[in-house]
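Engineer: Requesting a structural model of the entry that follows:
(one chain, ligands or ions: 1)
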Amino acid sequence: MECVYIFEDSFIDENFDAQPELDKNPEDREKQRKIIAAPSVRRAKSSIDNETKQLQEARKKRRNTVFIKSNLGMDLIKKVDLEEVYDVFKQLGTGRFGYVQLAEHKQSKLKIALKFFPRPQIKQADFVREYNYSYFLSPHPNIIDTYEGMYQTHDESAFFFVQEFCPSASLREAVERSPGGLTEDVTRVIFTKVLSAMEFMHSENLVHRNLKAENILIFDIERYTRVKITDFGLTRKVDSTVKYLEYVNCYHAPELCETVVNEVLTVNKSLDIWSLGIIFYYCLKGKFPWQKASIMCKPYWEWEQWLKRKSPQLPKRWDPFSEKSLKLLKRCLNPKAKDRWTVKEMRKIITKERLLKEAKHTFSFDDHFVYLDEENTVKNYGTIPKITKKKSALGNWINNTWATMSEISEQVVSAQD
Ligand SMILES: Nc1ncnc2c1ncn2[C@@H]1O[C@H](COP(=O)(O)OP(=O)(O)OP(=O)(O)O)[C@@H](O)[C@H]1O
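Structural biologist: Numbers count the residues shown, from 1 in each chain. Sure thing, here's the model as predicted:
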């Protein structure tokens, strides 16, 4: 039973005053309008592995970035003849607000992603806000790099900005290709990076509000060394008030599922913590715990009853999680927003503790699939990258048995959001 809300995102965030003003000098402005080429030196990614250093680095760099008030005039959005500047290839993805296309910057030969916002459906203020947050957060190594410059197409049919291109896949695709979920080690590696980015955002008092597996991009699907968060279209400052703007999906906290049209909501970091809890469950199990965090949805109702100690028996679907993981899930997927954990608290468990009761005897999907080279992966991106299965009877048997057992042991929750 899916309840669909129609929302309006007409809210304009006025809370930009803590940010540095845009350079008033027209010459400097012109410099800022470079039609993207290589990422600027200023925002060059740090390779330092130390989390604290990464955070400090990112903070230092982001202070130098341009932050523009959302009510600026059109003069800062440069008109570009797409065909002249880029070779535009296939669509990489679509969302509610626009679409992303793979392109090559003709001059630099750099493969990039163009994020388009069709007009007039998308208001200028919304485009500018998303660009600002994306650009502002870029210095963090686990946040997608957004290049300097706001553009619109020559015919004024769409705004766009430019981002680095992820040639591989999103976390959603990685999990979908791994029946029964990812291994503990892979989940740990991915989450360490995701949490590092989220710690940075939260330390800047920003809430992502749209965390989901599709918005976590994995640049190297074999080793997971480059994992980045994207899509800052719904990002807002902590304590801003927003009108409702979207349908409810399986990543949403119960307070979002209960809100009715036109009700105002105060933005809080705990919204992201809930979504991180859902993604954590999804990574390790390969399925979502429920379709919607509403008591009308049985799997959620059962979880809530157990949390309130009204039911002594934890539903079977939670069995594989270790004691510490379950503790984390209890504190992330807590209906009381104020009792939810912080990113830091999550990180303690994820980096130091066992996540599953038993190590998965399954196939990490790296063991069973051989990937084509990056060139081919790029060409096939958008559908599902072509994969070649290694011939392994044992692998197939485990694969099938595991999938069947999962089907039987828990309610299949729709993966659609
Ligand atoms: N830089 C990139 N490189 C490769 N693929 C990308 C990139 N950015 C986005 N995508 C793909 O395009 C999809 C849509 O992009 P994005 O989420 O930014 O759009 P959106 O309109 O903001 O979506 P939403 O409805 O979630 O708000 C992503 O899920 C991802 O699969």
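Engineer: contacts, neighbours, all on C-alpha from now
Structural biologist: Noted.
Engineer: How about L171: what's its closest non-neighbour residue?
Structural biologist: A213 (4.9 Å; Cα to Cα, 6 or more residues apart in numbering).
Engineer: And for G286?
Structural biologist: G181 (3.7 Å).
Engineer: who are the neighbours in contact with that neighbour?
Structural biologist: For G181, the contacting residues are 175, 282-287, by Cα atoms under 8 Å, 6 or more residues apart in numbering.
Engineer: change it to 7 Å
Structural biologist: 175, 283-286 (Cα atoms under 7 Å, 6 or more residues apart in numbering).
Engineer: which of the residues you listed tops the neighbour count?
Structural biologist: C283 (28 neighbours; other Cα atoms under 10 Å).
Engineer: near the ligand, which residues of the stretch 201-350 of the chain?
Structural biologist: 214-215, 231, 233 (Cα under 6 Å from any ligand atom).
Engineer: hmm, stretch 133-148 touching the ligand?
Structural biologist: No - against the ligand, stretch 133-148 shows no contacts by Cα under 6 Å from any ligand atom, the least distance being 6.8 Å.
Engineer: Give me the pLDDT for the residue nearest to G286.
Structural biologist: pLDDT recorded at G181 is 94.
Engineer: Over to K79?
Structural biologist: 93.
Engineer: do V260 as well
Structural biologist: 70.
Engineer: tell me the average confidence for the longest helix seen in the chain?
Structural biologist: Assignment by DSSP state H gives helix 184-203 as the longest helix of the chain. Mean pLDDT, helix 184-203: 96.
Engineer: who does that helix touch, helix- and strand-wise?
Structural biologist: If contacts are counted by 3 or more Cα pairs under 7 Å, 6 or more residues apart in numbering; DSSP states H and E, helix 184-203 sits against strand 227-229, helix 270-285, helix 343-352.
Engineer: Quickly, which of these bottoms out on average pLDDT?
Structural biologist: Taking the mean pLDDT of the helices and strands packed on helix 184-203, helix 343-352 comes last: a mean of 94.
Engineer: Could you list every helix and strand in contact with that helix?
Structural biologist: helix 184-203.
Engineer: what's in contact with the helix or strand immediately after the helix it packs on in the chain?
Structural biologist: Going down the chain from helix 184-203, the next helix or strand is strand 206-207, by DSSP states H and E. The contact list for strand 206-207 (Cα under 7 Å, 6+ apart) reads 201, 235-238, 268-269, 272.
Engineer: Just the buried residues from the residues you listed, in ChimeraX please.
Structural biologist: In ChimeraX, this line selects whichever of the contacts of strand 206-207 come out buried by 16 or more other Cα atoms under 10 Å:
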select :201,235,236,237,238,268,269,272
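Engineer: out of the contacts of strand 206-207, who's nearest the ligand?
Structural biologist: Nearest to the ligand among the contacts of strand 206-207: T235, at 10.3 Å, using Cα to the nearest ligand atom.
Engineer: Show me where the stretch 301-417 of the chain has its strands.
Structural biologist: 369-371, 387-389 (DSSP state E, counting those that start in this stretch).
Engineer: gap between the residue nearest to G286 and the ligand?
Structural biologist: 19 Å (Cα to the nearest ligand atom, to the nearest Å).
Engineer: That residue belongs to a strand?
Structural biologist: No - counting by DSSP: H, G, I helix; E, B strand; the rest coil, G181 is not found in a strand; it is coil.
Engineer: Let me see the domain layout of the protein.
Structural biologist: 12-164, 177-352 (automatic domain parsing).
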